[in-house]
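Asks: Fold the stuff below for me.
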Amino acid sequence: MILSRTMEPADYDELAPELKYVLAVAEICGGIHPAQHTHRKWEYALLARAIREVFGGNLNGKCALDVGSSAGFSPALLMSFGAFVKLTDLELNDEWAQWQNKQMMLAASVYGRSYVFTQEDVGEMQDERAFDVVACVSTLEHIAGEERAFRNMCRAIKPDGLLFLTMDSAYQEEDIFQLSHLRAGRIYAPESMGRLVGHADSFGLRVVGGETDWRWKGAMVNDHSFSSLVMTRNGQSARRYRCGTTSQATQ
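Replies: You can find the predicted model right below:
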């Protein structure tokens, strides 16, 4: 299982079909913002793999939340699989917001799906069992109150829904690595990944495939690496957020 593990060189070959799909969608939707790290396309490929593993690649009629959207590509990717998408980010500069709005309007016209773009603190989010997919790509390590934010993401997952996260990772939690000034004082290590799983377990989430491997396997980007956490939830629906009714964008 390529999900819920620290990336290693062999994973890139295995993700080749998903990367091809990501790049094809990116070409249709105006590309991936140049501010995105060169590794990010592989994280989007992991998201595509997770959607195929859990939903057979079909999100038609389903509602997705993308946390920390800024100028990220995952909202357009989610829409390409058929989802209605809510994008949220607490800190948005005008240039990134304009890029994301333009990309989502193009994706909406191509895939016939609606979206809503909000500036919201995920730590204060009140949605409960509202989304079929919650995606958080390389964002959690930048959130100051990450535990509360993560628990709110878990709370927002509908029964049989998917929680997908990627994050910067290394062999220790103390962030002495390159680009530490962009993170919120932490980088993820096996111990901290285990704590996230413990929090998610209290909401009835389980790791897809049941296996994890967050051992340090060497630097993949600069002097650190990337890991993913992919989980699903069982239980009863209590959806609050109503999706698929309007298409709008706010800055």
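Asks: Dihedrals phi and psi, Ile2?
Replies: Dihedral angles of Ile2 (phi, psi; degrees, to the nearest 10) stand at phi -90, psi -10.
Asks: Likewise for Ser228?
Replies: Torsion angles, degrees, to the nearest 10, at Ser228: phi -130, psi 150.
Asks: what's the distance between it and Ser69?
Replies: Taking Cβ to Cβ, to the nearest Å as the measure, Ser228 falls 18 Å from Ser69. Just so you know, the C-beta spots here come from the backbone N, C-alpha and C atoms, and that holds for glycine as well.
Asks: quick one, which of those two is more surrounded?
Replies: Per other Cβ atoms under 10 Å, whichever of Ser228 and Ser69 has more neighbours is Ser69, with 29 against 25.
Asks: gap between that one and Gly161?
Replies: Ser69 sits 19 Å away from Gly161, going by Cβ to Cβ.
Asks: Ok, Arg129 next?
Replies: Noted for Arg129: a distance of 8 Å to Gly161, by Cβ to Cβ.
Asks: Spit out the contact partners of Val25.
Replies: Val25 sits next to Ala76, Leu77, Ser80 when contact means Cβ atoms under 8 Å, 6 or more residues apart in numbering.
Asks: for Arg195, same thing?
Replies: Listed by Cβ under 8 Å, 6+ apart, the contact set of Arg195 is empty.
Asks: three-state assignment of it?
Replies: With DSSP: H, G, I helix; E, B strand; the rest coil as the basis, Arg195 sits in helix.
Asks: Equivalent analysis for Arg49, please.
Replies: Assigned with three-state DSSP, Arg49 falls in the helix class.
Asks: Surely it touches Leu19?
Replies: No: using Cβ atoms under 8 Å, Arg49 is not in contact with Leu19; the gap is 9.8 Å.
Asks: Which one of those two is surrounded by more residues?
Replies: Set Arg49 next to Leu19 and count neighbours by other Cβ under 10 Å: Arg49 wins out with 24 against 18.
Asks: Excluding chain neighbours, what is closest to the more buried one?
Replies: In space, and not counting its chain neighbours, Arg49 is closest to Glu18: 5.0 Å by Cβ to Cβ, 6 or more residues apart in numbering.
Asks: ok, so what distance separates that neighbour from Gln103?
Replies: 19 Å.
Asks: With Ala10 instead?
Replies: Between Ala10 and Gln103 the distance is 31 Å, computed by Cβ to Cβ.
Asks: do Ser180 as well
Replies: Going from Ser180 to Gln103 by Cβ to Cβ gives 29 Å.
Asks: Do you know the pLDDT at Asp223?
Replies: Per-residue pLDDT puts Asp223 at 92.
Asks: now the helices: where do they sit in the stretch 101-250 of the chain?
Replies: With DSSP state H, counting those that start in this stretch as the definition, the stretch 101-250 of the chain shows helices at residue ranges 146-155, 190-201.
Asks: Tell me which of these is the most buried.
Replies: Scoring the helices of the stretch 101-250 of the chain by mean neighbour count under mean count of other Cβ atoms under 10 Å gives helix 146-155 as the most buried, with a mean of 20.
Asks: Give me the angle between it and helix 190-201.
Replies: Angle of helix 146-155 versus helix 190-201, following axes from the mean of the first three to the mean of the last three Cα atoms, to 10 degrees, is 40 degrees.
Asks: helices or strands up against helix 146-155?
Replies: Counting contacts by 3 or more Cβ pairs under 8 Å, 6 or more residues apart in numbering; DSSP states H and E, helix 146-155 packs against strand 63-67, strand 157-169, helix 190-201.
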